[in-house]
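In: Mind looking at a prediction? Sequence and model below.
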Amino acid sequence: MNYCMSPDVVCRFIEYRRTTVVVLGFIAGCCTAVLGNAVVGNAVEPDTLFRVPADVQAVFRDNCIDCHNEDVAEGNVDLSRISELGSSERFELLNKAQEQLHFGIMPPEESVQLSSVDQGKVLKWVRAELREHGASRLEDKLRKPGYGNYLDHDELFSGRHTHLQPFTYDRRWLISEFIFEARFNEILSHRPFKTIDGKRQYVIGDNNRRVNLTNPFLLPTNTGVRYYANATLNGGHLLTMLTNAKEAANHMLYLAGRDRRYVPAIYEIMDMEWTHARTLADREKFLKQFIGTILGEMYGEQHVALLPDFKPVVIKSSDSTGIKKSPFHAAQPGAQELVVLFHSMEKNRKDGDSDAEWIDKCQRDWFNQGDSERLITTRLTFLAGYLEEFREQVVRHRYAKKHKLPVYRPRADEEQTEIENAVRENRKSGDRYVEIINKCLDQWRVQFQNERQSVGVPAQETIGALVLQLYQLLYHRPPTEDELVKYGELTHKYLGQLGNLAGIKKLIQTLILKTDFVYRSEFGSGDPDEHGRRMMSARDGSYAIAYAITDSSPDSELEKAVAEGRLNSRADYRREVKRMLAGREQYYVIDEAVQRLQLTASITNTPIRKLRFFREFFGYPQLLSIFKDNKRFGGNYDNAKGRLVGEADRLVDHILNADKDVFHELLTTEKFYVYHSGDNAAMSASSQRIRDIYDHFKGVDWKNYTSDDLEVHAPFIKEVKMRGMGRNPKDDLRTFKTVMTSFTTRFDKGQSAAAPFDSFPAHGKSNADTRTGLQLRSPEVAKFFNIELDDWNYPVVQPAYVQQRKGMLTHPAWLIAHAQNTETDPVRRGRWVQEKLLAGTVPDLPITVDAVIPEDHHRTLRQRLDAKTEEAYCWKCHQKMNPLGLPFEIYDDFGRYRQNESLEHPDNLLKKGPDKAAPHVDLRDTYKTLPVQATGTLVGSGSDLLDGDVTDALDLIDKLDRSERVRQSLIRYAFRFFMGRNEMLSDSRTLIDADQAYVKSGGSFDAVIVSLLTSDSFLFRKENQH
Amino acid sequence: MATNRRVFFTGAALGVGAATLGTGIRQASAEEVTSGYPQRFVFIRKSNGVRPDEVAMPTFSEADKKRDREKEAFQIDLANHELPSWMRPLEAHKNQLAVLQGLSCKMSENGHWSYSSVMGAFKSGRNSLSGIKRATIDFELARLSPSPFGHVELSLTGNYSTFRTGIVPGYSAPGPHQRNYCYADPQTAYNELFKSVANPDAVASDNAMLKFLQAEESYKASVLGGHEKRKISNHVGSIESIQARNLEVEKMSGSIAEHLPEIASVHLDGGHNATTPEKQKAMTDVLVAALVTGLTNVVTYTIDELSTPVKGLPGNEGDHISLHELGHNGGYSGVAANEIREKVRAGHMDQVAAIVEGLKAAPEGGGNMFDNTVVMYFPENGEGHHSHGTEAPFVVLAGDNCRLDIAGQYIRFPFHANEGHKTIGNWYTTLLNAYGNPLPHYGDLDLEMSRKKFDQVGAISRLVV
């Protein structure tokens, strides 16, 4: 079970929240926005047994009824007729009341507040009433990711609760989108490779399988922590899994047929059927290739007389005058057909034949073979239009070597006799070859089917082996005795009713659709300790560790540890966790979406979930879904955004690999990757190469070069492999000048080095490569950092210093991800700081609020936002966000540093920028501006020394970096990420230990993970029946 | 709380719609049921763009031609005009025909392909799953018009040489980051959609499996409590709901048997030897039958994509035509690219007309099924082979009971990034608002319109009845 709080802890939590929770202060009308609206049941009849206790009635009468009666039902809540409600409406109302009181939202701040005694009376009664009917929703809500911070931070880290024994409830945890992919990749033997740093590496996370599966286990898109153990499978999941199961089963049968080691029992059961299928396929191929020869030998001179009457097809002649003819590649009928044409040509063309003669012979062959009139027409049309091109293709692609004409060799005597007998039996005068072949195949099919039917259903032993092997493959465990019996019987039934092939597929589908497949298990085993906790079973523990650090099931070392009884203690867990964190032999695709954009190399060999924690915590990949205007960016934003996210990933990865002062580095580093592959040596060489070219020509009048002038430098150009040169000599001069113009802009201001981007887009060799050996594209990523491509002292060694930046919150990827399409979003940025770094809470937006900032192109966004949110009603919430988000106004919505805000409106247009130009040119229009005002206030850092006004984001970040609370907030999010749940007060010791592990290790995030994954919260489980 | 039927189908609709099992029968709420008969929508996606002048009426006056050429807004009654020759198959349906000119689709992918994005009004980052930002418009409409399959997607695509076959990834999206399944050849579509009649044994074996699973998981749930019990109970509830859905489809067997299309033997095993027109015709037959039987009310049909091989085209029977090459003006067997492009479109119109006629032949109430249907034929990428998305002409056929004031009109909206301009987002919002989803705006906004501060949110009010 995965309750976040046991009843006793919840109770204590509620008690103490009454005094410490921040009063959120919403007016009564907003309550419906915060509350859920699910209907618990359908009863409409009033419950005659329901009574509101007298003391609670008194509280209602004295404090609530004025606003919640039949006439004035604030928030659509009427307490005066609660006794008349049917059970569903009553539970709905009580749930609302419970949550309002629990979160401190009711009564509203401006009203008279309930005494703690009165509040306790109501809460106690409401809780008891809901619990009695199993209708309480509060526990569900508290389990949700957005509600983790409602557990008071200071209490958690106060040290007053370390006597509580940490644990997690026994639970099933729905697999994630990542585990789904990894599981099916493993089951379907999909092992993709990539060339990384020049070596072929097996990668995880490249899910471009041959099998068409839809991933139903998608995680929510929030920032913070996305994968919680609360989710349950719904109808949508199961519908999709039904189709997935069919597709997977089909492919598994294909794999089993290709490799008998895959699931040996499948091969054993299917052996006869597949042998028959192979025999049929072999005979069909043999006959299709050689039936003319065979018939000739069998029938001698009679053969021709038995052939059908030839009916030639006529292709229309065409007048192509003035018509652009499609090139060969766009008219050819496909690789397989080209081979057929080649073989026909080889077979029928004799020396001295004209083209028409041998093509006619081919046509007769195809006709006798039984090819359709349309197919023959297509072949003849192709040969008529593209014969010369086809001949060139044959030579260039060495068809004679690669596609040799098959040579007839009769089969072994018995087989040859079988084939000839069937042919003799089935051939009728006038039959085309395909008709004879099909009749033979039909005859053999019936014969084989009868053979198989006589064998019957496979033996029980074989069926048992099948169940066992499928259990191992799909669940990584053997079936229990009961399961073996039950699934043995089911398999017997399937095979008997559906036949072997369909029966096995149905069994696989059944197993994939069970909860055992879609949920991972984390249960305690053995005897409970004095606190009622049991240590997680070794097998479940191995999965819990593996899925905490990777998306894959346990590796061989973990499996071995389980098998040898070496995963039974904290020390065992520590050993395995440390081993896995240290491993760098496995590569991962970080994000397939990033990888698709402009060939970006989105790869790492850091254990993927370590990196993913920070990706999700900062939320910068959400940039990808924000649609932005190229014109406002001043370049090709769509091209650059993938690189920006990829380079943010690389920076995080770099800091994680150093594993020193990780939080401090992430928050304050002034060094970034900007248009860099991550390979310093390669980037240095690439930059030096273009410098060599520039230096070689800079002293000569290359602008006025002729082809002859250029020819003089041919040896040099060849030696440096100048991009785009030499393919088409007539274009070389133009290409050369394009390149030199581009290089000159990068060097002529005395730049120390230049970014080695390409001067023009083209396939093939690039001036710089990604680590996966592809073109390093999108230099416009530099524009996000206010770097001008034509005036850049390119740092070949990165990460490198960038002005006006400090950590991930100033990385353009984070800034864009927390911005709107066309302007910044101080509220969102501030909310992120409040919730992620200060462990604070912000209520959901009430539905009564119109959250649109009014347009006014004479004022800055800040001025407009202030005017909207400084009203008392709004400020109650916005005071928690605006002062933390507005300091980031020194960056625009593309993450560019600024001192003035551009008032983008047609009325303010000063100068139109070009619509299209080279990458270094700024395409932006110029508008009137107003100065940026980026002051803010830090409240809630946990230190009076740090709280106070800040001048801008850089100042704010400095203070946040020095806050203990910020560090601890990160620890809390790490806890949630690795535990898959919100923390409870009983986890206090775990959190303090993890925090101390970080501090004592000099800021090692690995130390945090080790601490968490060896904590009681992770190791110990409790049964839960609530 | 165990999954009840309504929760299940809500989950299904919000989750993923496997084409084979659809998004489920949702009990339509009162506000969803806006007439006594199902509302149907057919989206027909085509590749290579539709050039705006291709859908202009040849009989326009010189003044109108000029306005059309210069992209000025105007509206004209089609009754007074001849259709372009390739659209002639629609002549008999001209009073229900509309041409929408000037809708832009710059917020979706342009260039060669748009993948899922043109029906979702978002940038998809090429064909990336995480780029799918929301449920596409067809799925949104399917939610308003529930049916056993919810939504059906068909496509005729390929790898330039051969057609794709079987069940393949589609272009529609049931939700963010989700890609639909799609039937890639007529025989597969037939086998899957009409399985209850065409292959009752397969349905029976599916049901037997579900029954086994139901018993198995129910037993597990019986020994659990609390949240863990709910997890297993939800699983059981989901199984039960699928069983109920299957039962519903089985009850429709009579209607399915009555309208079962005949699929020629050339389409067996994926139909590798079928010509493109043969495939199109068979797919149309399946599409019409899926609607007429009531298995679905929404179909999305990718009639071609740049990689779809074109074989057996009348006049070019022997050619293996690449649609992509047509976009680069390459001709075949002496026939110019433009002429072939027109023949391809004319073939499409034959299918559109067949869909309309198939639905008109099916009685419904006092009229026919087409009365409650909207058929849309549109380019996946915009105004040409390499589109910029400034224009995406829509050819629309709207039945008499449709809630759009559109029939019989040629409507040109103001050109992109001008005041009053309309995007596909406005058009899709119009459809949703007209059929019961009151959302303020569907899809991403056009950024140039935003930059120029033009109003661009909401339905196209003049088109709503």
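Out: Received the coordinates, thanks. Bear in mind the structure is a predicted one, so any value in this text is a computation, not a measurement. Residues are numbered from 1 along each chain as shown, chains lettered A, B, ... in the order given.
In: per-residue pLDDT, residue A:260?
Out: For residue A:260, the pLDDT comes out at 94.
In: what's the answer for residue A:122, then?
Out: Looking at residue A:122, the pLDDT reads 86.
In: Wait, it touches residue A:58, no?
Out: No: in this structure, residue A:122 is not within contact of residue A:58 by Cβ atoms under 8 Å, at 10.3 Å. All C-beta atoms are positioned from the backbone trio N, CA, C, and that covers glycine.
In: tell me which parts of the stretch 251-400 of chain B are close to chain A?
Out: Contact residues, the stretch 251-400 of chain B versus chain A (Cβ under 8 Å from any Cβ of the partner chain): B:273, B:275, B:311-312, B:317-322, B:324-325, B:329-337.
In: which parts of the stretch 51-200 of chain A sit against chain B?
Out: A:134, A:170, A:171, A:172, A:174.
In: Going by distance to chain B, which of the residues you listed wins?
Out: Lowest distance from chain B to those (Cβ to the nearest Cβ) belongs to residue A:172, with 5.5 Å.
In: Skipping its backbone neighbours, what lies nearest that closest one in space?
Out: Sequence neighbours aside, residue A:519 is the residue nearest to residue A:172 in space, at 3.8 Å (criterion: Cβ to Cβ, 6 or more residues apart in numbering or on different chains).
In: what about that neighbour, distance to residue A:140?
Out: 18 Å (Cβ to Cβ, to the nearest Å).
In: The two: who's more crowded?
Out: Neighbours per residue (other Cβ atoms under 10 Å in any protein chain shown) separate residue A:519 from residue A:140, with residue A:519 holding more: 21 against 18.
In: Any idea what the more buried one is bridged to?
Out: residue A:174 (DSSP bridges).
In: where does it sit relative to residue B:456, distance-wise?
Out: Taken as Cβ to Cβ, the span from residue A:519 to residue B:456 is 45 Å.
In: Repeat that for residue A:170.
Out: On the measure of Cβ to Cβ, residue A:170 and residue B:456 end up 53 Å apart.
In: What of residue A:707?
Out: Distance from residue A:707 to residue B:456, by Cβ to Cβ: 52 Å.
In: Comparing those two, which shows the higher neighbour count?
Out: Neighbour count, other Cβ under 10 Å: between residue A:707 and residue B:456, residue B:456 has more, with 21 against 11.
In: Run through the helices of the stretch 251-400 of chain B in chain order.
Out: With helices called from DSSP state H, counting those that start in this stretch, the stretch 251-400 of chain B shows them at B:253-259, B:276-292, B:323-327, B:337-360.
In: Retrieve the pLDDT associated with residue A:137.
Out: pLDDT, residue A:137: 79.
In: ugh, wrong one, residue A:49
Out: On the pLDDT scale, residue A:49 gets 65.
In: Ok, residue B:273 next?
Out: 88.
In: what sits against residue 145?
Out: Chain wasn't specified; assuming chain A. Counting by Cβ atoms under 8 Å, 6 or more residues apart in numbering or on different chains, residue A:145 touches A:220, A:222, A:224, A:225, A:226, A:228, A:976, A:982.
In: wait, I meant chain B there
Out: B:32, B:38, B:39, B:40, B:41, B:297, B:298, B:435.
In: measure the nearest residue to it once chain neighbours are set aside to residue B:148 for me?
Out: Nearest non-adjacent residue to residue B:145, counting by Cβ to Cβ, 6+ apart: residue B:297, 4.2 Å away. According to Cβ to Cβ, residue B:297 stands 10 Å off from residue B:148.
In: When the two are compared, which one has more neighbours?
Out: Per other Cβ under 10 Å, whichever of residue B:297 and residue B:148 has more neighbours is residue B:297, with 26 against 22.
In: Can you pull the phi/psi pair for the more buried one?
Out: Main-chain dihedrals, residue B:297, degrees, to the nearest 10: phi -110, psi 0.
In: That one contacts residue B:147, correct?
Out: Yes: with contact defined as Cβ under 8 Å, residue B:297 reaches residue B:147; the gap is 4.7 Å.
In: Mind listing the shared neighbours of these two?
Out: residue B:38.
In: which residues touch residue B:396?
Out: By Cβ under 8 Å, 6+ apart, the contact list for residue B:396 reads B:97, B:98, B:99, B:100, B:374, B:375, B:376, B:377, B:404, B:406.
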